[in-house]
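Novice: Here is my input, please return the structure:
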Amino acid sequence: MMENFLYELKLSYRRTEEKTAHGSIRSSQDAFKIFEKVFDQDLIEAREEFVILYLNRANTVIGYYKAFQGGVSSVVADTKLILSMGLKTLASGIILAHNHPSGRLTPSEPDIRLTNRVKEACKHVDMELLDHLILTAGQGYYSFADEGKL
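Specialist: Next up is the predicted model:
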């Protein structure tokens, strides 16, 4: 005879800091300032990295996740992993960012497809993709939201 069973999962949520370190994100510039601190500036021209900011309903940063590292010309980002961390932190919004070691600020076709895929997936779990930034060393950033691409 086969028995039905489910494993019980336990979720706990605890801040590691007492005060909010980053405040609310009100613009792409606010997000860029945080990402500048998070990305490894010694390697920003050497390899691609993908980082996600998770925000609460007041657009205050809950935390960030250095999710994926790639090579010189690409990084693979997994939508399931992006959303799973958002669900674990009960995030209401997310901001994606990755760097282009080439210094090119314009998004590639894979960048656009990923952004659209994550945006669509977010809708199903009551999260909002607020922006996707492309960073370069010394060149600034590109914002999908500022350019009307979200």
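
Novice: in this structure, what spans have low per-residue confidence?
Specialist: 1-2, 4-22, 70-74 (pLDDT under 70).

Novice: which residues in it form strands?
Specialist: 49-55, 61-69, 93-99, 128-136, 140-143 (DSSP state E).

Novice: What residues of stretch 107-127 count as buried?
Specialist: 107, 111, 114-115, 118-119, 121-122, 127 (16 or more other CB atoms under 10 Å). For every residue, glycine as well, the C-beta is placed using N, CA and C.

Novice: will you turn those residues into CSV that also has distance to Gln29?
Specialist: Output for the buried residues of stretch 107-127, formatted as CSV (distance: CB to CB, whole Å):
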residue, distance to Gln29
Pro107, 18
Asp111, 20
Leu114, 23
Thr115, 19
Val118, 22
Lys119, 21
Ala121, 26
Cys122, 22
Met127, 22
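
Novice: Show the contacting residues for the nearest residue to Leu105 once chain neighbours are set aside.
Specialist: Of all residues not flanking Leu105 in the chain, Tyr142 sits nearest, at 4.4 Å (CB to CB, 6 or more residues apart in numbering). Going by CB atoms under 8 Å, 6 or more residues apart in numbering, Tyr142 touches 105-107, 133-134.

Novice: Next: Arg26.
Specialist: With CB under 8 Å, 6+ apart, Arg26 has these contacts: Asn59.

Novice: Just want the phi and psi numbers for it.
Specialist: phi -110, psi -10 (degrees, to the nearest 10).

Novice: roughly how far apart are it and Val118?
Specialist: 21 Å (CB to CB, to the nearest Å).

Novice: what about the longest helix in this protein?
Specialist: Determined from DSSP state H, the single longest helix within the chain is helix 109-123.

Novice: now the angle between strand 93-99 and that one, please.
Specialist: Orientation check (axes from the mean of the first three to the mean of the last three CA atoms, to 10 degrees): helix 109-123 against strand 93-99 gives 160 degrees.

Novice: tell me what helix 109-123 is packed against?
Specialist: Applying 3 or more CB pairs under 8 Å, 6 or more residues apart in numbering; DSSP states H and E, one finds that helix 109-123 contacts helix 79-88, strand 93-99, strand 128-136.

Novice: Out of the ones you listed, flag the one nearest Arg47.
Specialist: strand 93-99 (8.4 Å; CB to CB).

Novice: Redo the contacts of Tyr142 as CSV? Include distance to Tyr54.
Specialist: Converted to CSV, the contacts of Tyr142 look like this (distance: CB to CB, whole Å):
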residue, distance to Tyr54
Leu105, 24
Thr106, 26
Pro107, 22
Leu133, 15
Ile134, 19
